[in-house]
Each structure stands twice: as C-alpha cells, then as structure tokens.
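K.L.:
Predicted model and sequence follow; I will ask about them next.
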Amino acid sequence: MLAFPFSNNMKTVLSLSEARKLALHSQGLLSTDPLQGKEGTLSIIQQIGYVQIDTISVVERAHHHILWNRQPGYKPSYLNELSEEKSIFEYWSHAAAYLPMEDFRYTLINKKKHADRIAERLPDTSIRSFVLERIKSEGALQSKDFEHSKKSTGGWWEHKPAKHALELLFIQGDLMVARRVNFQKVFDLTERVLPASVSKTMTTQEEYTS
C-alpha cells in the first residue's frame with residue numbers, strides 16, 4: 001500500500017496495483033481511444049508535459065516511438081506541423097524537448113539564469129550581435145547559413161563561433177526554433193515565433209517548482 005498525503009489531516013491510500021495504473025494513466029499509456037491526427041499528438045504532449053528530442057536515429061528517433069506508443073495513427077510529420085502552427089515549442093526540460101506552447105512562461109526563469117551566466121562568462125557580445133542582426137534582417141536562418149565553402153571576408157565569424165552563438169541566443173531566450181528542415185533547427189527571433197496570446201509573465205519560484 002502507498003499513502004499520498006494531500007494535507008496535514010488527509011491522505012489517500014493506494015494499493016500497488018492502483019498506483020501502477022495511476023502512473024500509466026498519467027503517462028497516457030492506458031487510453032483505448034486516443035485522439036487522432038496532430039490534435040491527438042498535441043493532447044499527448046500536453047498530458048505528459050514534454051517529449052524529449054532524440055538526435056540519434058537507427059530505426060526511428062525515440063521521440064517518435066514515444067508518441068506512436070500512445071497514438072497508433074501517429075505520423076512523424078505531426079511534430080513539424082505543430083511547431084509551425086506554434087502549438088508546441090522547443091526548449092530544455094532537463095534535455096532538449098518539445099513542450100506545449102502554453103507552458104512557455106515556465107521556461108523564463110531558466111532563460112534569465114542562462115542569460116546572466118552567459119553575460120558573466122562571455123562578456124564579448126560581438127559574435128552574438130552579428131548573428132542576431134543577420135536574423136533580424138534576413139529572417140529565420142540555420143547554422144549552415146553561416147558557413148561558406150569559399151573564403152569569406154567574415155572569417156571566423158561565419159563558422160563554428162556563429163553556430164555556438166545561435167545556441168547561446170536560443171538558450172537565453174533571444175531566439176526560438178521556428179521549424180526543422182531535415183531535422184536541422186531553423187532559428188528566428190522569439191518575438192516572431194511566439195504567439196501574441198502566450199503569456200510572457202515570469203513565474204515565481206513557487207509557481208515554477210509546484
């Protein structure tokens with residue numbers, strides 16, 4: 001038997017079998033008639049909170065397996081469609097993950113912490129400013145858009161430091177992943193990706209941890 005306290009004077013007691021069913025239900029593994037289409041995929045991500053993105057593909061990337069196990073009619077294209085429709089977004093939730101767009105504000109505390117650390121450890125903002133200005137003027141860009149096979153007057157600005165700057169700008173919140181092309185991230189300004197209806201109010205520490 002497992003006891004779950006809900007207040008100082010009240011607790012709920014579950015058998016191991018009931019606790020197992022509760023855990024499976026909360027993970028969306030007991031549904032006998034899941035919603036189909038991309039709306040069903042969105043419903044699953046909202047229920048379980050996030051889906052960790054797998055960068056390694058042998059048979060198929062693990063995040064597709066996770067969704068297919070909960071939605072037999074699932075198609076890998078649904079994630080890109082939901083991202084482009086701004087129903088989900090990418091950020092770190094202990095690892096790179098797809099999260100429901102309505103949870104965006106819960107990432108702001110970590111983005112502020114990352115921005116403060118980056119400013120302290122990397123006070124030279126020139127490469128990040130360069131990358132940000134290009135995206136502002138040219139629109140959404142990939143890492144490869146900063147690489148050239150021919151010799152460039154931009155020198156080191158056009159190669160690996162620019163790729164690193166893209167990730168830093170993403171982790172501190174200036175950029176978001178607008179979509180993926182052949183699994184490669186396409187970055188754009190946060191204000192051009194984030195729907196106007198989504199709250200940008202910083203959570204309190206209590207809200208964040210509850």
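P.N.:
It's in.

K.L.:
For burial, what's the neighbour tally of the closest residue to R105 other than its chain neighbours?
P.N.:
Spatial nearest neighbour of R105, excluding adjacent residues (Cβ to Cβ, 6 or more residues apart in numbering): S199 at 4.8 Å. C-beta: built from backbone N, CA, C; applies to glycine. S199 is flanked by 12 other residues according to other Cβ atoms under 10 Å.

K.L.:
you'd agree S199 is up against F104?
P.N.:
Yes - look at S199 against F104 with Cβ atoms under 8 Å: they come within range, at 7.3 Å.

K.L.:
Give me the nearest residue to the most centrally placed residue in the chain, chain neighbours excluded.
P.N.:
Residue closest to the average C-alpha location in the chain (Cα atoms, centre = their mean): E90, at 2.1 Å. Take E90 and drop its neighbours on the chain: the residue closest to it by Cβ to Cβ, 6+ apart is V177, 4.3 Å away.

K.L.:
With A178 instead?
P.N.:
In space, A178 is closest to D188, 4.1 Å off (Cβ to Cβ, 6+ apart).

K.L.:
Equivalent analysis for G73, please.
P.N.:
Q36 (4.8 Å).

K.L.:
same deal with E102?
P.N.:
The shortest distance from E102 to any non-neighbouring residue, by Cβ to Cβ, 6+ apart, is to V198 (6.9 Å).

K.L.:
In this structure the one you found contacts M101, no?
P.N.:
Yes - V198 is within contact range of M101, at 5.9 Å (criterion: Cβ under 8 Å).

K.L.:
Between those two, which is the more surrounded one?
P.N.:
A side-by-side neighbour count of V198 and M101, using other Cβ under 10 Å, places M101 first with 20 against 14.

K.L.:
my guess is L108 contacts K200, does it?
P.N.:
Yes - between L108 and K200 a contact is recorded at 7.3 Å, counting by Cβ under 8 Å.
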